[in-house]
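Participant: Quick one, fold the following:
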Amino acid sequence: HASRAEPVDMLTGNAMPIRFMPIGSEIHAIEMTPGNGAQICRSAGTSAQLLEKDENRKLALLRLQSKEQRYVHIDCMATVGSVSNPEHKNEVWGKAGRSRWMGWRPVVRGSAMNPIDHPMGGGEGKSKGGHHPTTPWGRKTKGYKTVRKVRPLIRVPRWKARKA
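Facilitator: Sure, this is the predicted structure:
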């Protein structure tokens, strides 16, 4: 069962706004803004834990699988329990053909391309390139730190949570 207006039984699979859920609940299929549809914890085996509810600010704090702690609006819908099939990540495709069936194309190294196709392409024979690794669009990669924006609704970002 699901309801936006009143609480529903706390049974696995029932959906309701976070304001009606008890603290410590395991939830999935969480909206980020009310009415936008589920955007968080939809993948196989995932869930989030409800840590606190602030009625004054109308925010609820969730701990995600990545250990990130994030605020969402208290009127956002969520489903009780966790998504099924947690063993999905252990599935082995076994051969290149299976990944082709799934729509994945082969990955080609930049150094194996021509200079027109990649900044690291070209050269005689198997050459090193002589410059830092880059993406096909010239952005630095392998160890290059990107700018980390401070977002007001994220209390503990996932890159900080993993260090703790």
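
Participant: mind checking the longest helix of this structure?
Facilitator: helix 96-101 (DSSP state H).

Participant: That one: what's the following helix or strand?
Facilitator: strand 154-156 (DSSP states H and E).

Participant: burial of the nearest residue to residue 117 once chain neighbours are set aside, as a residue count?
Facilitator: Nearest residue to residue 117, sequence neighbours excluded (CB to CB, 6 or more residues apart in numbering): residue 136, at 7.3 Å. (Each C-beta comes from the backbone N, C-alpha and C, glycine too.) Residue 136 has 13 neighbours, counted by other CB atoms under 10 Å.

Participant: For residue 136, which residues are in contact?
Facilitator: Residue 136 sits next to 110, 117-119 when contact means CB atoms under 8 Å, 6 or more residues apart in numbering.

Participant: from those residues, which two are the most distant?
Facilitator: 117 and 119 (9.3 Å; CB to CB).

Participant: Next, the buried residues of stretch 58-75.
Facilitator: 59-65, 68-75 (16 or more other CB atoms under 10 Å).

Participant: Identify the residues contacting that stretch?
Facilitator: 4, 17-19, 27, 30-34, 40-41, 46-55, 76, 153-158, 161-162, 164.

Participant: Of these, keep whichever come out buried.
Facilitator: 17-18, 27, 30-31, 40-41, 46-48, 50-51, 53, 76, 155-157.

Participant: For the contacts of residue 136, pick the one with the most neighbours.
Facilitator: Top of the contacts of residue 136 by neighbour count (other CB under 10 Å): residue 118, with 20 neighbours.

Participant: Pass me the low-pLDDT residue ranges in the chain, would you?
Facilitator: Scanning the chain for pLDDT under 70 picks out 147, 164.

Participant: Which residue is most remote from the mean position of it?
Facilitator: No residue in the chain has its C-alpha farther from the mean C-alpha position than residue 124, which lies at 41.4 Å (CA atoms, centre = their mean).

Participant: What distance do you get for it to residue 133?
Facilitator: 20 Å (CB to CB, to the nearest Å).

Participant: ok, now residue 107?
Facilitator: For residue 107 relative to residue 133 (CB to CB), the value is 15 Å.

Participant: try residue 116
Facilitator: Counting by CB to CB, the gap from residue 116 to residue 133 is 18 Å.
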